[in-house]
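Novice: next come a sequence and a model predicted from it.
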Amino acid sequence: MRFTHPHVLWFLFLVPALFALHLLAQARRHRLLVQLTGPVLGPRLVRGFSPARRHLKTVLALMALTCLIVACSRPRFGSRLEEVHRRGLDLVVALDVSKSMLAEDIQPTRLTKAKAEIEALIERLGGDQIGLVAFAGTAFLQCPLTTDYAAATTLLDALGPEMLPVPGTAIGEAIKVATEAFATKELKYRVVILVTDGEDTVGDPLKSAREAAQKGVKIYTIGLGRTDGAPIPVRDATGAVVDHKKDARGQAVHSRLNARLLEGIAAATGGRFYQATREEGELESILKEIQTLERRELKAKSILHMEDRFQPLVLLALILLVAELLIPERSRESAEWGGRFA
């Protein structure tokens, strides 16, 4: 047995306390009666009165209270299995965590903006499976396909440049890892959202995109940054900017958005390219497109339901209260006789 609100059961300690108060009140009532009327008249006044009946009425009322307290705690026992069938897509988000994503041409940084957009996307998914791929000079699967959105968000928050110390931006490898993450063998229902500034330095991303398209993968690309570029800040242990990344000649490196490459990747797979904006309009557009795509029947999930059993307790409490009301404290004759002294 389990209780939905187990803390309510603490009120059960009131039951013995109330019964003790009842006994004290009975004793005080008898003592006052003897003091006011004397030992001879007192018993005549309460002739026909049954202390046992009053005790019984109190016990019935307290039993009803006990039933109501336990009912309020929502006891559950017994169970049934229910199969839940869902339809959805397999969606993999590939996030660029290279140092160029630390550029601040999008506030506060490209990477922070990207993570905020992905988190907003996860919050609005409804039954679709999501996976995460992180990439810089190499790529790896951070989160396999799952419908546990809370876990996916936690793993997303942990991503940063320090996780992939290999320099560079391997967009092609990220596409390959994302494609391999799909569990289904069907060549559809597969979507990759590639979030990057597009500054590829490793491999041939367009070739990887064409190979992904042959496997039924549709890639939507979100480009972060400006085409005129921005420097990459270098921070100390406190987070303060102390310098900017420099090339071999000592010149500040400017990271630029490669929109043309990202447009080509999206076009090769039947997807679309979006440039990140402050208003997150690209997120709305991607969500609308995803919602129009055909869904597949996902694996049925068996859910164990425990049945609520508070109803019989409420019914028993009502029966006990009715019984308490129907039991008189005096017999009819003694009640009429006692009324003349009232």
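Specialist: On my side now, so go ahead.
Novice: switch to C-alpha atoms for all contacts and neighbour counts from now on
Specialist: Fine.
Novice: how is the chain divided into domains?
Specialist: The domain map for the chain lists 2-80+307-339, 87-297, with the assignment taken from automatic domain parsing.
Novice: mean neighbour count and mean pLDDT for the ones you listed - can I get that in a markdown table?
Specialist: Shown next, in a markdown table, are the domains of the chain (neighbours: other C-alpha atoms under 10 Å; pLDDT from 0 to 100):
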| stretch | mean neighbour count | mean pLDDT |
| --- | --- | --- |
| domain 2-80+307-339 | 15 | 79 |
| domain 87-297 | 19 | 86 |
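Novice: quick one, helices of the stretch 101-250 of the chain?
Specialist: 110-123, 149-157, 171-180, 205-214 (DSSP state H, counting those that start in this stretch).
Novice: so which of those helices comes closest to Arg249?
Specialist: Of all the helices of the stretch 101-250 of the chain, it is helix 110-123 that lies closest to Arg249, at 25.5 Å by C-alpha to C-alpha.
Novice: what sits up against the closest one?
Specialist: When contacts are taken as C-alpha atoms under 8 Å, 6 or more residues apart in numbering, the neighbours of helix 110-123 outside the stretch itself are 93, 95-97, 101-104, 106-107, 130, 149, 153, 156-157, 195, 224-225, 280, 283, 287.
Novice: between the helices of the stretch 101-250 of the chain, which one is closest to Gln311.
Specialist: Taking C-alpha to C-alpha as the criterion, helix 149-157 is the member of those that comes nearest to Gln311, at 34.5 Å.
Novice: circling back to that earlier point, among the contacts of helix 110-123, name the ones in strands.
Specialist: Val93, Leu95, Asp96, Ile130, Val195 (DSSP state E).
Novice: widest-spaced pair of these?
Specialist: Within those, two members stand farthest from each other by C-alpha to C-alpha: Asp96 and Ile130, at 16.7 Å.
Novice: quick revisit: pick the one among the ones in strands among the contacts of helix 110-123 closest to Val241.
Specialist: Distance from Val241 was checked for each of those by C-alpha to C-alpha. The minimum falls on Asp96, at 21.4 Å.
Novice: measure the residue nearest the centre of the chain to Asp90 for me?
Specialist: Averaging the C-alpha coordinates of the chain gives a centre point, and the residue nearest to it by C-alpha atoms, centre = their mean is Ala150 (6.2 Å). Distance check for Ala150 against Asp90: by C-alpha to C-alpha, to the nearest Å, it reads 17 Å.
Novice: which stretches of the stretch 201-342 of the chain form strands?
Specialist: In chain order, the stretch 201-342 of the chain shows strands spanning 217-223, 230-231, 233-235, 241-244, 254-255, 273-275, 296-297, 301-308, with DSSP state E, counting those that start in this stretch as the criterion.
Novice: redo those strands as a markdown table? Include distance to Phe140.
Specialist: Formatted as a markdown table, the entries for the strands of the stretch 201-342 of the chain read as follows, by distance: least, C-alpha to C-alpha, whole Å:
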| stretch | distance to Phe140 |
| --- | --- |
| strand 217-223 | 18 |
| strand 230-231 | 27 |
| strand 233-235 | 25 |
| strand 241-244 | 28 |
| strand 254-255 | 23 |
| strand 273-275 | 23 |
| strand 296-297 | 26 |
| strand 301-308 | 28 |
